[in-house]
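Student: model this:
(one chain, ligands or ions: 3)
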Amino acid sequence: MNFELKTLDLAGAASARCDVLLVPVAQPQVQALQADTGALSALLNSAIQHEDFSAEAGKQLHLYQVANVAARRVLLLGVGQGSARELRNALLGTAPYLKGEGVRHAVLCLSALGEQADVAGAVQSLDEACYQYQLTKSKAKPIALQKITVGVPDKRKASAAFAQGQAIALGQQLAREWGNRPANHATPTALAKAAQELAKAPQMNCRIHGPKEVAKLGMHAFMAVAQGSKEPLQFIELHYQGAGKEQAPVVLVGKGITFDTGGISLKPAAAMDEMKFDMCGAASVLGVFRALAELQPRINVVGLIPACENMPDGGAVKPGDVVTSMDGQTIEILNTDAEGRLVLCDALTYAQRFEPSALIDIATLTGACVIALGGVRSGMYASCDELAQQLQQAGESAQDLCWRMPLDEEYGEGLKSNFADMGNVAGRAAGSITAAKFLQRFVGKSRWAHLDIAGTAWKEGNAKGATGRPVGLLVHYLLGQTTSAPAKAAAAKPTTTKKASGKDGRKSSTAKKK
Ligand code: BES
Ligand code: MN
Ligand code: ZN
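Tutor: Ligands and ions are numbered 1, 2, ... in the order given. Below is the predicted model:
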């Protein structure tokens, strides 16, 4: 979506020509509005007086051709206390109006909420509300909406948040799009092409390791998962270099199972189509890189995506087969449906070569996590309290929530095997945790975190579709790790220091070499 940021008070909003004007109202502001004499305040006061509307979270009042208001439609939105979460929910609820045929230009007036309104979150939520999947629909019609103007008390003060919201929106949109694409349109090879496309942005590059290279690296756990499929596996390596070479990168590892049948441990037929979403971890890594391309922050990030299908076949890996992972540990594959940890363990081993400042994997890893946390919060595991806190905090500020889960040693006991260093599954109990314990055996001394997004990466039922989570959480986390202002903004200032002008030097030094 096209967004525009404008300084706009309530009076300005009343005279803004548009097809729909969105006005979120919070309870603490209602009193102040009573003193105001503008057309919108009068409208609000009257609606509240007649009990047709209140600022309670979730309330909506839709009006048409209101006197002294230039917008054709006005939508009043109650946002309770005006928190980021309440604003987000209210804006997501405007989707049916934004998608109306006659709506080309929408204006969101945040001024009634004051300066603390979550501008980044508002942009992201509106963009989310406007997304429509089209690729494989022959009669898809794009929505009429062309532009959303976001009105704030002071444009200057809100511009950084506005840019951040737009970048996250683009990243989230990309993650949703790849998540939603059917497995015959989102093959490992297609994901690799998408990564190469992204890497055309400044400070980025991409390297694709095909089956031969992956064999040479000794990633036999990853290869075992892919061996039942006709689609060649791809190991995608993305680099974003926004800071000096000496700075350790954050490494993101995304599970990229483009379809998970379960393999020989075949899944039941019901809802198996949803296993096209089993690459949503990978899609979130692509989404993060899309946002990085926009924001150009001062940080180094590596993205790793082991991508393949998990299929049953005459050549497929069998329950009981033992493979040697890249780091030399042997694994008895007791259940071929526990494939995510097998592709991830080799990618985590590979990640060690970057000596990451933090190593974070993102995976639709276990059905057990869906049972534990549902679709509200992602499961978060961390070997380091500080990293756990940072991720928790990033989730709160992005309204992309997670919840820390335990990693006690005892949870790993069920992974022992009589025929290998470990099995790839433990018992039925605590399935999300035992999966995390498996991964932990491959992260060495890294500051490591694991996000199990099995419950949050997509929605089922009528709203079936990818959510683009946890792009918001990850981007907020990464922006919190930058050393100073975004490289782009710093470079644009005439007073740039030597260090900042070294950006170009860094660019040439990172160009296409490994
Ligand atoms: N991709 C699935 C996890 C999953 C299942 C996510 C359902 C969302 C909804 C993963 O590869 C898997 O099959 N995990 C197994 C592990 C089990 C065999 C230990 C599971 O959760 O059932
Ligand atoms: Mn599986
Ligand atoms: Zn899977």
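Student: Which element, helix or strand, includes residue 193?
Tutor: Assigned by DSSP states H and E, residue 193 belongs to helix 188-198.
Student: now do residue 433
Tutor: helix 431-440.
Student: tell me how far the first helix or strand past that helix going along the chain is from the chain's mean position?
Tutor: Heading C-terminal from helix 431-440, the first helix or strand you meet, by DSSP H and E, is strand 448-452. The chain centre lies 14 Å from the centre of strand 448-452; the measure is CA atoms, centre = their mean, to the nearest Å.
Student: Would you mind pulling up the elements that strand 448-452 packs against?
Tutor: Applying 3 or more CB pairs under 8 Å, 6 or more residues apart in numbering; DSSP states H and E, one finds that strand 448-452 contacts strand 358-363, strand 378-382, helix 385-398, helix 431-440. Quick note: C-beta positions are derived from backbone N, CA and C, even for glycine.
Student: got the ones you listed as JSON lines, with distance to residue 46 and mean neighbour count columns?
Tutor: Shown next, in JSON lines, are these (distance: least, CB to CB, whole Å; neighbours: other CB atoms under 10 Å):
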{"stretch": "strand 358-363", "distance to residue 46": "49", "mean neighbour count": "28"}
{"stretch": "strand 378-382", "distance to residue 46": "43", "mean neighbour count": "25"}
{"stretch": "helix 385-398", "distance to residue 46": "36", "mean neighbour count": "18"}
{"stretch": "helix 431-440", "distance to residue 46": "52", "mean neighbour count": "24"}
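Student: Adding distance to residue 308 and mean pLDDT, write those out as CSV.
Tutor: Formatted as CSV, the helices and strands packed on strand 448-452 follow (distance: least, CB to CB, whole Å; pLDDT from 0 to 100):
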stretch, distance to residue 308, mean pLDDT
strand 358-363, 14, 99
strand 378-382, 23, 99
helix 385-398, 27, 98
helix 431-440, 18, 99
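Student: Ligand 3 is nearest to which of those?
Tutor: Closest approach to ligand 3 among the helices and strands packed on strand 448-452 is made by strand 358-363 (8.0 Å; CB to the ion).
Student: Only the buried residues of stretch 60-75, if you could.
Tutor: Using 16 or more other CB atoms under 10 Å as the test for burial, stretch 60-75 gives 61, 63, 66, 69, 71, 72, 73, 74, 75.
Student: about what we covered before: which elements pack onto the helix holding residue 193?
Tutor: strand 204-209, strand 234-241, strand 256-260, helix 280-295, strand 300-310.
Student: Mean confidence (pLDDT) on stretch 453-471, please.
Tutor: Mean pLDDT, stretch 453-471: 98.
Student: from the middle of its chain, how far away would that stretch be?
Tutor: With CA atoms, centre = their mean, you get 10 Å for stretch 453-471.
Student: CSV for the helices and strands packed on strand 448-452, including distance to ligand 2?
Tutor: Shown next, in CSV, are the helices and strands packed on strand 448-452 (distance: least, CB to the ion, whole Å):
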stretch, distance to ligand 2
strand 358-363, 11
strand 378-382, 16
helix 385-398, 24
helix 431-440, 10
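Student: Nearest to ligand 1, out of the ones you listed?
Tutor: Ligand 1 lies closest, by CB to the nearest ligand atom, to one member of the helices and strands packed on strand 448-452: helix 431-440, at 5.5 Å.
Student: Wondering if the closest one reaches ligand 3 at all.
Tutor: No. Using CB under 5 Å from the ion, helix 431-440 stays clear of ligand 3, with a minimum separation of 10.3 Å.
Student: chain center to that helix, what's the gap?
Tutor: 22 Å.
Student: helix, strand or coil for the residue in the stretch 401-514 of the chain that ligand 1 sits nearest to?
Tutor: Nearest residue of the stretch 401-514 of the chain to ligand 1 (CB to the nearest ligand atom) works out as residue 454 at 3.6 Å. With DSSP: H, G, I helix; E, B strand; the rest coil as the basis, residue 454 sits in coil.
Student: same question, residue 97
Tutor: Relying on three-state DSSP, one would call residue 97 helix.
Student: separation between it and ligand 3?
Tutor: In this view, residue 97 and ligand 3 are 37 Å apart by CB to the ion, to the nearest Å.
Student: OK, contacts around that residue?
Tutor: By CB atoms under 8 Å, 6 or more residues apart in numbering, the contact list for residue 97 reads 20, 62, 73, 75, 103.
Student: ok, which pair from these is furthest apart?
Tutor: Spatial extent of the contacts of residue 97 (CB to CB) is set by the pair 62 and 103 at 12.1 Å.
Student: so what sits against both of these two?
Tutor: Taking CB under 8 Å, 6+ apart as the contact criterion, the common neighbours of residue 62 and residue 103 are 73, 97.
Student: Now residue 400: phi and psi?
Tutor: phi -130, psi 80 (degrees, to the nearest 10).
Student: Could you list every helix and strand in contact with the longest helix that the chain contains?
Tutor: For the chain, the helix with the greatest residue count under DSSP state H is helix 155-180. Applying 3+ CB pairs under 8 Å, 6+ apart, one finds that helix 155-180 makes contact with strand 2-7, helix 119-130, strand 147-152, helix 280-295, strand 465-466, helix 471-480.
Student: now the ones you listed as JSON lines including mean neighbour count?
Tutor: Listed next are the helices and strands packed on helix 155-180 as JSON lines, based on neighbours: other CB atoms under 10 Å:
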{"stretch": "strand 2-7", "mean neighbour count": "15"}
{"stretch": "helix 119-130", "mean neighbour count": "24"}
{"stretch": "strand 147-152", "mean neighbour count": "22"}
{"stretch": "helix 280-295", "mean neighbour count": "28"}
{"stretch": "strand 465-466", "mean neighbour count": "20"}
{"stretch": "helix 471-480", "mean neighbour count": "26"}
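Student: Relative to ligand 2, which of the ones you listed is closest?
Tutor: Of the helices and strands packed on helix 155-180, nearest to ligand 2 by CB to the ion is helix 280-295, at 12.8 Å.
Student: what's near enough to touch the residue of the stretch 401-514 of the chain closest to ligand 1?
Tutor: Residues near residue 454 by CB under 8 Å, 6+ apart: 363, 364, 365, 366, 367, 369, 370, 379, 432.
Student: Spatially, what comes nearest to the last one if we skip its sequence neighbours?
Tutor: Put plainly, it is residue 432. residue 369 (3.9 Å; CB to CB, 6 or more residues apart in numbering).
Student: counting contacts, what elements does the helix or strand where that neighbour lies pack onto?
Tutor: Assignment of secondary structure by DSSP H and E places residue 369 within helix 367-373. Other helices and strands packing on helix 367-373, by 3+ CB pairs under 8 Å, 6+ apart, are strand 378-382, helix 431-440.
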